[in-house]
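Peer 1: Structure for the following, please:
(chains A and B)
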Amino acid sequence: MEQTLTSPESVSLSSASSDGVITPPSVGRTVPRDRDQPSILDTIERGERIHTATHEAMLAEQHVLDIDAFSLYYAEVQALYEIGLSIPANKVTSLIGPSGCGKSTLLRSVNRLNDLIDTVRTEGDMRLEGESIYAPGVDVIELRKRMGMVFQKPNPFPMSIYENVVYPLRIDGERRRQVLDEVCERSLRGAALWEEVKDRLHDSALGMSGGQQQRLCIARAIAAEPEVLLMDEPCSALDPIATGRIEDLIDELRGSYSVLIVTHNMQQASRTSDYTAFMYRGYLIEAGPTRDIFTSPQRSETEDYITGRFG
Amino acid sequence: MTWLTGGALSVAVFMIVGLISLVVAMGTTTFWPVPLVHLELQDGDALMGELTRVEEIPDSGGALRRLMRSANFDLTDEHFEWADESDIVAETHPDWAILVERLDWGRFYGTPTRFEHPGGVVEGTPETVWAAFQAAHGEVRDRWHERRAIERGPIGDFNAEGEALRLELRTEGLDHGFRSAPYREAEQRFQAAEEARTRRYDTLRAGIDELDALNDEYTLELTTADGEQAGIQVAEIVRAFAPNQLSLLDKLGVYLSRWWEFLTDEPRFANQEGGVFPAIFGTVMMTLIMTVFVVPFGVLAALYLREYAKQGLLVSIVRVAVNNLAGVPSIVFGVFGLGFFCYFTGTWIDEMFFAAKLPSPTFRTGGILWASLTLALLTLPVVIVATEEALAAVPNSMREGSYACGASKWQTIRRIVLPRALPGIMTGLVLAIARGAGEVAPLMLVGALKLAPELPLDMHAPFVHLERSFMHLGYHIYDLGFHSQNSEAAKPMVFTTTLLLIGIVVALDIAAISIRSRLRRRYVTGRI
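Peer 2: Next comes the predicted model:
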């Protein structure tokens, strides 16, 4: 993959998104779309393959993670259908779609967390920086150490704030106090939590508020300098103020981390992400720069979902 | 439905509260001094003792009789005597009725008439005799304690040393043959050491004899209600007082002194009198050793069942089997413990490590280790079930969070799952203690004794003697209630010992519960 500088388009995009919400297209507006294509929903009904509409701008980016014809089954039930998606490096990419469309499943497949479920079977592959994730012989533990993950509900561990943050280093056997202290402070600052907790680092993390706990989980996720940061609806259990802080934080992480975030909140997707991928019933329908997805989607289903006609 | 459920609860609560109150009421009053009653009967006989209870004479149409604790067992062969209400001519509470608690033969009731001491003889009014006795009693008892300390300390060391020397000699013989030169040399060394030891023993013995000779000169003579005279060695008298003269404060003093003796001293007079300290010690030590074994095993087994094993039919069968194990009668565990631990494992250990002591068994018999292991086996299902529940209650999100950080399964279990499940594991421990400490039946087979002279923990190397038999409060209760020569006399002690056992179980439970709540604050709710 060749090294490319950030394109002018994406610069304008990120500035647009940091300005605030991109207005979704009004209901009556016509969107340019390939009229020759049959409705994707019909194709899905018939059980045929669909072609993902991936925007050129997204393909032109430098990618950190490539998902290649990835399918996943829970026992006999197929949950993901040949997903093909490349995640741009140092950008925020959001996965949107109605409940049960497979967003979280896809996200949890990236760090092979679905391995914990006995019945899960996969086809296809993913590549992190060009290295296969699903090839036989991959050390899953080493793989997970290269990624950070933030979950739907804050899940701080039953230990002190300090130990929570340095947990990824602890399990790696790091004992040097100085290193741990540095990582703790850097991660907590990165998660915009340092000022609030610097005086009680050795208190239990379970005594914090929900929003603080989630930021702590983000600090933990970035402690080991991951190549990809996976976020699974990180704000769904939080109140609006805490949500706002997490969104600001994601904004700050942009540029230093490649973030893949699942959200069911379209405002959040439009506010925080550079790129957006729309999933529906296990299929990846469309992926592209957030502004394009929200203002001029190529697929009518994407538009329908964004304007609230279904989902 | 409210009435039915509420009713069931109140019946249950009533029964539990009733049982506990009975034990507390009977147990706490045992040591309270009661007045001595002197009865004159129609046939001219007299009777003195503590009133135990009044009841209707069977088939007499309402006539009453009294059960009197008359003591003086060595004279009358009775601890208790009946007196029909209709036979009683006069009832008095004589001031100079003295209650004597002796090392042997139980109590003695009488009036002091004569006191012998090295300086002469005191006779006359009970008051003067009593005063003379009181003045000398403390000093005599001090000598007696000194004598016992010599027996316990130096003579105990002496015996332990002799045993070690004999073992050394025998080991030499077993190693080289009993006709070999090294054995003969060792034999000579042994003889020399024995001679030195005999001289040492003689000095110790002389010290004891001297104390005994001094004490022998003190005798208190009392007259019983029916006029018999009896002399009692002052050294034999543990406690003596005049119950009818005591003020409330004096009574409290006697009460507390009896409790203190009960908790800290050894039993005497076939366990019916004295203290239960060895039984307390044995019960607590056995429960702690049981805990040390059952917790790691139970937790590891539950970890495998819940975290490692692939859930399926086989695991379900194992789980049901473990649950059913909790329902096996405890005596079956006792039989298993006797067969497997004492006879099978014990024989093996004895042959491997204690060959010199054979044929006398070391581990090939009941002992505190085998009893603890048997109880650990008995309580294992409780710990496994509780731990499994605690593990199941650990939120999966925590496990996932740990895996997502790149932790291995064991790291996740050790750093996240186990700490979080610890309070629940402690609950299992509380239940196991409650079940284990109160168990008696299996202990009879694997090491609990009516009287174990040596504690399993003492000052002789190797300090912890896991092979030793021990006393246990539960077994003590059984022994007092059903095996003492006079169950009526032992009854108050049964209640008191029961109260104590309940108290110990509650204390152990409270300790475990307070650890649990601390862990819960730390790992579950987050308030430190």
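Peer 1: what does the stretch 101-250 of chain A have sitting close to chain B?
Peer 2: Contact residues (C-beta under 8 Å from any C-beta of the partner chain) of the stretch 101-250 of chain A with chain B: A:111, A:113, A:116, A:118, A:141-145, A:147-149, A:151, A:153, A:155, A:157-159, A:167-168, A:170-172, A:203-208, A:217, A:220-221, A:224, A:230. In short, each C-beta sits where N, CA and C put it, glycine included.
Peer 1: Can you give me the neighbour number for residue B:326?
Peer 2: By other C-beta atoms under 10 Å in any protein chain shown, 15 other residues sit near residue B:326.
Peer 1: if I pick residue B:75, what's in contact with it?
Peer 2: Counting by C-beta atoms under 8 Å, 6 or more residues apart in numbering or on different chains, residue B:75 touches B:224, B:228, B:230.
Peer 1: Okay, now the unreliable bits of the stretch 51-200 of chain A?
Peer 2: Under the criterion pLDDT under 70, no range of the stretch 51-200 of chain A is flagged.
Peer 1: What segments of it are strands?
Peer 2: Using DSSP state E, counting those that start in this stretch, the strands of the stretch 51-200 of chain A run over residues A:53-54, A:63-74, A:77-88, A:92-96, A:120-128, A:131-132, A:147-150.
Peer 1: can you list those strands in JSON lines and add mean neighbour count?
Peer 2: Shown next, in JSON lines, are those (neighbours: other C-beta atoms under 10 Å in any protein chain shown):
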{"stretch": "strand A:53-54", "mean neighbour count": "19"}
{"stretch": "strand A:63-74", "mean neighbour count": "19"}
{"stretch": "strand A:77-88", "mean neighbour count": "20"}
{"stretch": "strand A:92-96", "mean neighbour count": "27"}
{"stretch": "strand A:120-128", "mean neighbour count": "17"}
{"stretch": "strand A:131-132", "mean neighbour count": "13"}
{"stretch": "strand A:147-150", "mean neighbour count": "27"}
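Peer 1: Save the ones you listed as TSV, and put in distance to residue A:309 too.
Peer 2: Output for the strands of the stretch 51-200 of chain A, formatted as TSV (distance: least, C-beta to C-beta, whole Å):
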stretch	distance to residue A:309
strand A:53-54	18
strand A:63-74	27
strand A:77-88	22
strand A:92-96	14
strand A:120-128	31
strand A:131-132	39
strand A:147-150	30
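Peer 1: Does residue A:243 lie in a helix or a strand, and which?
Peer 2: Assigned by DSSP states H and E, residue A:243 falls within helix A:240-253.
Peer 1: If you count contacts, what does that helix end up packed against?
Peer 2: Applying 3 or more C-beta pairs under 8 Å, 6 or more residues apart in numbering or on different chains; DSSP states H and E, one finds that helix A:240-253 contacts helix A:210-223, strand A:258-262, helix A:266-272.
Peer 1: got CSV for these, with mean pLDDT too?
Peer 2: Putting the helices and strands packed on helix A:240-253 into CSV (pLDDT from 0 to 100) gives the following:
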stretch, mean pLDDT
helix A:210-223, 90
strand A:258-262, 93
helix A:266-272, 88
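Peer 1: Just send these back as JSON lines, with mean neighbour count too.
Peer 2: Compiled in JSON lines, these are given as follows (neighbours: other C-beta under 10 Å):
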{"stretch": "helix A:210-223", "mean neighbour count": "25"}
{"stretch": "strand A:258-262", "mean neighbour count": "25"}
{"stretch": "helix A:266-272", "mean neighbour count": "22"}
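Peer 1: count of residues packed around the residue of chain A found nearest chain B?
Peer 2: Using C-beta to the nearest C-beta, the single residue of chain A nearest to chain B is residue A:206, 2.5 Å away. The number of residues packed near residue A:206 is 23, by other C-beta under 10 Å.
Peer 1: That one and residue B:521 touch, don't they?
Peer 2: No - using C-beta atoms under 8 Å, residue A:206 makes no contact with residue B:521, being 9.4 Å away.
Peer 1: quick one: the residue of chain A closest to chain B from residue A:214, how far?
Peer 2: As judged by C-beta to C-beta, to the nearest Å, residue A:206 and residue A:214 stand 13 Å apart.
Peer 1: same check, this time on residue B:205
Peer 2: For residue B:205 relative to residue A:214 (C-beta to C-beta), the value is 80 Å.
Peer 1: Quick check: phi and psi at the closest residue in space to residue B:63 that isn't next to it in sequence.
Peer 2: Sequence neighbours aside, residue B:57 is the residue nearest to residue B:63 in space, at 4.8 Å (criterion: C-beta to C-beta, 6 or more residues apart in numbering or on different chains). Main-chain torsions, residue B:57, degrees, to the nearest 10: phi -70, psi 130.
Peer 1: Tally up the residues packed near residue B:57, please.
Peer 2: Neighbour tally, residue B:57, other C-beta under 10 Å: 14.
Peer 1: Separate out the buried members of the contacts of residue B:75.
Peer 2: Taking 16 or more other C-beta atoms under 10 Å in any protein chain shown as the criterion, what is buried in the contacts of residue B:75 is B:224, B:230.
Peer 1: could the contacts of residue B:75 go into a markdown table alongside distance to residue A:129 and pLDDT?
Peer 2: Converted to a markdown table, the contacts of residue B:75 look like this (distance: C-beta to C-beta, whole Å; pLDDT from 0 to 100):
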| residue | distance to residue A:129 | pLDDT |
| --- | --- | --- |
| B:224 | 103 | 88 |
| B:228 | 106 | 86 |
| B:230 | 101 | 88 |
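Peer 1: Reformat the contacts of residue B:75 as a markdown table; add distance to chain A and secondary structure.
Peer 2: Formatted as a markdown table, the contacts of residue B:75 follow (distance: C-beta to the nearest C-beta, whole Å; DSSP: H, G, I helix; E, B strand; the rest coil):
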| residue | distance to chain A | secondary structure |
| --- | --- | --- |
| B:224 | 71 | coil |
| B:228 | 74 | coil |
| B:230 | 70 | strand |
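Peer 1: show me where the stretch 201-350 of chain B has strands.
Peer 2: B:219-223, B:229-233, B:237-241, B:267-268, B:273-274.
Peer 1: Parallel or antiparallel, list what pairs with the last one.
Peer 2: Counting by DSSP bridges, the strands paired with strand B:273-274 are strand B:267-268 (antiparallel).
Peer 1: residues in contact with the partner strand?
Peer 2: So strand B:267-268 is contacted by B:103, B:104, B:273, B:274, B:275, B:276, B:278, B:279, B:451, B:476 (C-beta under 8 Å, 6+ apart).
Peer 1: same thing but 6 Å
Peer 2: B:103, B:274 (C-beta atoms under 6 Å, 6 or more residues apart in numbering or on different chains).
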